[in-house]
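S.K.: Sequence and predicted structure, then a few things I'm wondering about:
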Amino acid sequence: MLAIINATLVMRDHLIPEAALFISEGKIQAFGEMRKLQVPADCEILDVEGEFVGPGLIDIHTHCGGKDYFSDNPLPAARHHLEHGTTTVLPALYFNMDQKGFLDGIQVIRKAMGEKEGANMGGLYMEGPYLNPKFGCDRESNPWKGPVKAEDFLPIVEAAWDLTKVWALAPEREGILDFVRAVKEKNPAAVFSVAHSEAAPEEIEALLPYGLRIGTHHTNATGDRVKYPECRGVCVDETVNYNSGIYAELICDSRGIHVDPYMLRLIRKIKGDDRIILISDAFSMDGPVPQGYEGVTDINFDFAGEIAGSKLTLEKACYNMMKHTGASIVQAFQYASYNPSRATGLLDRGEIATGLRADLVVVDYKMNMKKVILKGEVQ
C-alpha cells in the first residue's frame, strides 16, 4: 500500500488540508484528515509536504506530445503528456488525413495502447472526417470536401468505433445524419461534438438526441450566420452557450489568444463550472509567427499565418484559466479532470473517491507538476 501524507486534497468542491490518501492495487482505498486516520506501519510513504494532490488530468483533445504526432509516434507523445500530469489522453486525428491516413493512424494508436508506455491513452478523439472545409488550420489539405458517402466513412467507423470517445462533426454537412446513425449503430454510447462549423442552432440541436454533447474548441473555427448586416447572428458559439447539456472545450493559452480572457470569464458565467472542459489541442506546425504575435511561445501558426493549435500541456492550461478568470485550483481540476471524465464516459477516474483508479498528481499552487501517479504507480 502507498500512503500519501501531509497532502492538501483537491476534491470536487472543496479542499481537505493536512490529509492522507491510501492506494492499493491501483485504486484509491481511503482518504481524509490525517488526525482521523492511522497510517499502517508497513506502508510505503510519500510525504508531499502540504502540496496539492488532485485527480490526474484528462486531455480529451490533443494531436501531439511535444513534436510527436500521436498518429506517427504515439508512445513518446503519450509520455510527454504523462510527465505533465495528463494521466488520460485522447489522441486526436485531424480532417487533413485521407481515408488511408485515418486507418493507419487508428492502427498505430491501437497497437500503442497495448504497450505499458501507452497506458495513459484512453481512446480516440476523431476531429473529422466531416467538418466544414471553411474552417481550421491546414484546411487547404482537406480531402473530405465532397459528399458524405458510406463507402468513404464506413471503413473508418469500423476501425475506430470501440476506441473513439468523441466524433467531431459539422452538423450542416449534407448527409451528416447518415454518418451519425452509422456511428450510433456500432456504438450506442458514442459522443458527438460540433466542430469547425457554421451550423444554425436548429441544425446543432437536431443532433442532441443522438449524443451531441461537446463544443470543440469553443469560439475557435466557428462561423456566424448573419441574416441582416446590421444585426449579430446566432451560430455555433451561441448554441453551445445556450444549451446547458453541451460542454464547452476551451484552449486557454497564456496570452488569451485562442479565447480572450474576457470571453473566458463570460463563458464561465454562462456555462457554469460544470460544463467547461480545458484541452491542450496540441499541434506541431512551424509556420512563421505573424506580425503582432512576437514572443508568443505556446501556440502554433500554419504557413498561411493562421493559428494552428497550441504547444500547451494541460497543467499550463489550468494555470492560465486560473489567471485569466480567477478560478480556484478546485475549479481548475474540475475543468481538467472531472468534467472531461463525465463528458466522455470515463467514470472510473476524474476525481478523488474511494474505489476509483488511482490517477493522481501532486502540484503547487501554480499547477507546477511535482509528482504523477498512474494506476497507483509513481511515475
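M.R.: Right, received. Where do you want to start?
S.K.: thought Tyr142 was touching Asn96?
M.R.: Just to correct that, residue 142 is Asn rather than Tyr. Yes: using CB atoms under 8 Å, Asn142 makes contact with Asn96 at a distance of 6.1 Å. For every residue, glycine as well, the C-beta is placed using N, CA and C.
S.K.: Comparing these two, which residue is more hemmed in?
M.R.: Taking other CB atoms under 10 Å, Asn142 and Asn96 do not tie; Asn142 has more neighbours (21 against 18).
S.K.: ok, Ile246 - contacts?
M.R.: Val194, Leu208, Leu212, Arg213, Ile214, Gly215, Thr239, Val240, Arg275 (CB atoms under 8 Å, 6 or more residues apart in numbering).
S.K.: for Asp237, same thing?
M.R.: Contact analysis of Asp237 by CB under 8 Å, 6+ apart lists Gly215, His218, Thr219, Thr222.
S.K.: Surely it is within a strand?
M.R.: No: counting by DSSP: H, G, I helix; E, B strand; the rest coil, Asp237 falls outside a strand, being helix.
S.K.: Can you tell me how far it is from Glu25?
M.R.: Distance, Asp237 to Glu25, using CB to CB, to the nearest Å: 45 Å.
S.K.: Would you state the helices of the stretch 101-250 of the chain in chain order?
M.R.: For the stretch 101-250 of the chain, applying DSSP state H, counting those that start in this stretch gives helices covering 150-160, 176-186, 201-205, 236-242.
S.K.: looking at those, which is buried most?
M.R.: Burial of those is given as mean neighbour count (mean count of other CB atoms under 10 Å); helix 236-242 ranks first at a mean of 22.
S.K.: which SSE is the residue nearest to the spatial centre of the chain in?
M.R.: The centroid of the chain falls nearest to Ile60 when counting by CA atoms, centre = their mean (2.7 Å). Element membership of Ile60, judged by DSSP states H and E, is strand 57-62.
S.K.: what's downstream of that strand, the next helix or strand?
M.R.: Next along the chain after strand 57-62, taking DSSP H and E as the criterion, comes strand 64-65.
S.K.: Can you tell me what sits against that next one?
M.R.: Phe70, Pro76, Ala77, Ala78, Arg79, His80, His81, Val89, Ala282, Phe283, Ser284, Gly309.
S.K.: Which ones among these lie within strands?
M.R.: Val89, Gly309 (DSSP state E).
S.K.: Strands - which of the contacts of Ile246 land there?
M.R.: Those of the contacts of Ile246 mapping onto strands are Val194, Leu212, Arg213, Ile214, Gly215, per DSSP E.
S.K.: Which of the residues you listed sits closest to Pro17?
M.R.: Nearest to Pro17 among the ones in strands among the contacts of Ile246 is Ile214, at 34.0 Å by CB to CB.
S.K.: Can you give me the neighbour number for the closest one?
M.R.: Counted with other CB under 10 Å, Ile214 comes out at 29.
S.K.: give the contact list for it.
M.R.: Val166, Ala168, Val191, Phe192, Ser193, Val194, Ile246, Tyr247, Ala248, Glu249, Ile277, Ala343.
S.K.: closest to Pro290 among those?
M.R.: Closest approach between the contacts of Ile214 and Pro290, by CB to CB: Glu249, at 24.1 Å.
S.K.: my read: that closest one touches Gly215, true?
M.R.: Yes: taking CB under 8 Å as the definition, Glu249 is a contact partner of Gly215 at 6.2 Å.
S.K.: Run through the neighbouring helices and strands of the strand holding Ile60.
M.R.: With contacts defined as 3 or more CB pairs under 8 Å, 6 or more residues apart in numbering; DSSP states H and E, strand 57-62 has these neighbours: strand 86-94, strand 124-127, strand 164-169, strand 276-279, helix 314-325, helix 339-344.
S.K.: Save the ones you listed as a markdown table, and put in mean pLDDT and mean neighbour count too.
M.R.: Output for those, formatted as a markdown table (pLDDT from 0 to 100; neighbours: other CB atoms under 10 Å):
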| stretch | mean pLDDT | mean neighbour count |
| --- | --- | --- |
| strand 86-94 | 97 | 28 |
| strand 124-127 | 98 | 28 |
| strand 164-169 | 98 | 27 |
| strand 276-279 | 98 | 28 |
| helix 314-325 | 98 | 23 |
| helix 339-344 | 98 | 24 |
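S.K.: May I see these arranged in JSON lines, with distance to Arg110 as well?
M.R.: Converted to JSON lines, these look like this (distance: least, CB to CB, whole Å):
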{"stretch": "strand 86-94", "distance to Arg110": "10"}
{"stretch": "strand 124-127", "distance to Arg110": "9"}
{"stretch": "strand 164-169", "distance to Arg110": "11"}
{"stretch": "strand 276-279", "distance to Arg110": "22"}
{"stretch": "helix 314-325", "distance to Arg110": "23"}
{"stretch": "helix 339-344", "distance to Arg110": "18"}
